[in-house]
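Trainee: I would like to see how this sequence folds:
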Amino acid sequence: MTVGDSVVVAGKNSNGDGSVYFESPSRRRDGRPIPGRWRATYVDRRGKRRTVSASTRAKAEAKRTAVLAELGAGPIASSRFTRATTVGELTGWWLDTVARHRVQPSTFDSYTKFAGYLSESLGRVAVVEVGAETLTAWQSGLLDHLAPFTVQNCRKVCRQVFTEAVKIGLIPTNPFDIVKAPRARRVGDARALDSVEARKLIVAAAEQRLGAAVVLLFSQGWRVSEVLGLAWQDIDFDASTARVRRAAAYTRSAGMVLGPTKTSGAEGVHHLAPVAMAALQKRRVDQARERLVIGRDWIRHRYDGAEIDLVFTTATGALVNRSAVTKAITSAATKAGLDPHGIATHTGRRTVVTALYAEGGVDLADVARHVGHSDTATTAGYVRNLGQRPAKTARRAAELLDPTMGDRVR
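Mentor: Numbers count the residues shown, from 1 in each chain. Below is the predicted model:
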């Protein structure tokens, strides 16, 4: 045990290689001196942070390099993988065994597409041979024909493949951690309506066949997949609530399918606005008429082993495609005298978040809970204008800190 320890961080890498720092000389309790030491950190196969030390920085870093090399060359206990396992083999296993169970079908389609870029270029290369130079060249090739933002998303998916390789002990560290992602931002600003525009849109959508879907998007802030996965069994008309349990999304392999929601935060009971309840009441009456016309040929659906009656269907009972809702929004916007450009299904979510935060003054954490975000940083990304919040904050700061304003607010 030491007394009066002091540590000087000489170099901390942001790329996952760990940090290098110098521990200054100190003394033990009995007075004996402890010389200063350089320390270098790394993460072992079990994800534990470890440290090696030496008298100089160069020796500490060399020691860490040797340990990582030893970890990388060691045998893989109780695993189907070997040092000859290729990127293609690992990617295929990861998609089928890991990714398929983590995300909804539409997201899995994207994962498969992005992982395909990795397999196409590096599929025959052994995983243990993939380093920073290899990934940098691969990323550069993608940037030659894909937008930087797309490459960023591709990296996020493919990095997970190598994270799994670290977990199973195939490689000691993730090479993606030492290759910088390209700088990128979305092209153009995603649109959000102000509260006045949103109300006009909701009124204009009232008489449309899918008007209730538009109302839920722009009054509740749900994702369109959650709206299209709603069943009549989920709605409590007496309590004005609805329970989000599932989502309906498009997949390239099977078309529209029912599956889990994008995030677990979206699930649960949601209190619905009166306008949403009225729209759902109308939808129930209209759908009853459609079912009478179709009779026994009405398409039925099952989810989690139980039959469900979906709120939003085609005229024959089939799942509704997102594009049909987009058309309904465009039609309603035009009828309301709004420019329909840039107004789509996700505009409703941005509109609700922005209205609550900028116009309603609701705390961002509460807004996040309302729309089902687990992280307020995600919610903040949906805010499209700050309304009067900065001005209000500035006035309050002046009241508290401006000496010319006296003690009127003390």
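
Trainee: Can you tell me the closest non-neighbouring residue to Glu307?
Mentor: Once flanking residues are discounted, Glu307 sits nearest to Arg300: 6.1 Å by Cβ to Cβ, 6 or more residues apart in numbering. Using the backbone N, CA and C atoms, a C-beta is placed for each residue, glycine as well.

Trainee: That neighbour and Leu310 touch, don't they?
Mentor: No - in this structure, Arg300 is not within contact of Leu310 by Cβ atoms under 8 Å, at 9.5 Å.

Trainee: anything in contact with each of these two?
Mentor: Gly317 (Cβ atoms under 8 Å, 6 or more residues apart in numbering).

Trainee: between the two, who's got more neighbours?
Mentor: Each of Arg300 and Leu310 has its neighbours counted (other Cβ atoms under 10 Å); Leu310 has more, 24 against 9.

Trainee: show me the contacts for that one.
Mentor: Contacts of Leu310 (Cβ under 8 Å, 6+ apart): Leu228, Gly229, Leu230, Ala231, Trp232, Ala248, His301, Gly317, Leu319.

Trainee: confidence score at the fifth one?
Mentor: Translated: Trp232. Trp232 is assigned 98 on the pLDDT scale.

Trainee: Look at it and say how many residues are nearby.
Mentor: By other Cβ under 10 Å, neighbour count at Trp232 equals 15.

Trainee: mind checking how far the closest residue to Thr85 other than its chain neighbours is from Pro172?
Mentor: Among residues not flanking Thr85 along the chain, Val127 sits closest, at 5.5 Å (Cβ to Cβ, 6+ apart). Distance, Val127 to Pro172, using Cβ to Cβ, to the nearest Å: 12 Å.

Trainee: Tell me which of these two has more neighbours.
Mentor: Val127 (23 against 20).

Trainee: isn't that one right next to Glu164, touching?
Mentor: No - Val127 lies out of contact with Glu164 (Cβ under 8 Å); the separation is 10.1 Å.

Trainee: Could you name every residue contacting both of those two?
Mentor: Counting by Cβ under 8 Å, 6+ apart, the residues touching both Val127 and Glu164 are Leu90.

Trainee: any idea of the mean pLDDT for stretch 257-274?
Mentor: 88.

Trainee: Report the buried residues of it.
Mentor: Of the residues in stretch 257-274, Val257, Leu258, Gly259, Pro260, Thr261, Lys262, Gly265, Ala266, Glu267, His270, Leu272 count as buried by neighbour count, 16 or more other Cβ atoms under 10 Å.

Trainee: and of these, the nearest to Asp96?
Mentor: Checking the buried residues of stretch 257-274 against Asp96 with Cβ to Cβ, the nearest one is Gly259 at 16.7 Å.

Trainee: How about stretch 363-376, which residues are buried there?
Mentor: Leu364, Val367, Ala368, His370, Val371, Gly372, His373.

Trainee: who's in contact with stretch 364-378?
Mentor: The contact list for stretch 364-378 (Cβ under 8 Å, 6+ apart) reads 221-222, 244, 261, 263-268, 349, 352-353, 356-357, 362, 379-380, 382.

Trainee: can you give me the end-to-end distance of that stretch?
Mentor: With Cα to Cα, to the nearest Å as the measure, stretch 364-378 spans 10 Å from end to end.

Trainee: And the contacts of stretch 32-41?
Mentor: Here stretch 32-41 makes contact (Cβ under 8 Å, 6+ apart) with 2, 10, 18-28, 49-57, 59-61, 63-64.

Trainee: CA atoms of it as CSV?
Mentor: The C-alpha coordinates for stretch 32-41 follow below in CSV (Å, rounded to 0.1, in the frame of the first residue of the first chain):
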residue,chain,number,x,y,z
ARG,A,32,10.6,2.9,2.3
PRO,A,33,10.6,4.6,-1.1
ILE,A,34,8.7,3.3,-4.1
PRO,A,35,10.3,4.3,-7.4
GLY,A,36,8.1,5.8,-10.1
ARG,A,37,6.8,3.5,-12.8
TRP,A,38,5.3,3.8,-16.3
ARG,A,39,2.1,1.8,-16.7
ALA,A,40,0.2,0.8,-19.9
THR,A,41,-3.3,-0.6,-19.8
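
Trainee: where do the helices sit along the stretch 101-250 of the chain?
Mentor: Assigned by DSSP state H, counting those that start in this stretch, the helices in the stretch 101-250 of the chain fall at 105-122, 132-143, 148-167, 195-205, 211-220, 224-228.

Trainee: scratch that, the stretch 301-410 of the chain
Mentor: Assigned by DSSP H, counting those that start in this stretch, the helices in the stretch 301-410 of the chain fall at 322-335, 347-354, 364-371, 376-380, 389-401.

Trainee: which of the ones you listed sits most buried?
Mentor: Mean neighbour count (mean count of other Cβ atoms under 10 Å) peaks for helix 347-354 among the helices of the stretch 301-410 of the chain, with a mean of 24.

Trainee: just how off-centre is it within its chain?
Mentor: Helix 347-354 has its C-alpha centroid displaced from the chain centroid by 17 Å (Cα atoms, centre = their mean, to the nearest Å).

Trainee: same check, this time on stretch 91-110
Mentor: Distance, centroid of stretch 91-110 to centroid of chain: 15 Å (Cα atoms, centre = their mean).

Trainee: Kindly export it (C-alpha atoms) in CSV.
Mentor: The C-alpha trace of stretch 91-110 is given here as CSV (Å, rounded to 0.1, in the frame of the first residue of the first chain):
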residue,chain,number,x,y,z
THR,A,91,-19.7,-12.6,-40.4
GLY,A,92,-22.2,-15.3,-41.5
TRP,A,93,-22.1,-16.9,-38.0
TRP,A,94,-22.7,-13.5,-36.4
LEU,A,95,-25.6,-12.6,-38.6
ASP,A,96,-27.4,-15.9,-38.0
THR,A,97,-26.5,-16.5,-34.4
VAL,A,98,-26.3,-13.1,-32.8
ALA,A,99,-27.7,-10.2,-34.9
ARG,A,100,-30.8,-12.0,-36.0
HIS,A,101,-32.1,-12.2,-32.5
ARG,A,102,-31.3,-8.7,-31.5
VAL,A,103,-33.1,-6.5,-34.0
GLN,A,104,-36.4,-6.4,-35.8
PRO,A,105,-36.5,-7.9,-39.3
SER,A,106,-36.3,-4.6,-41.2
THR,A,107,-33.1,-3.7,-39.3
PHE,A,108,-31.7,-7.2,-39.8
ASP,A,109,-32.0,-6.6,-43.6
SER,A,110,-29.8,-3.5,-43.2
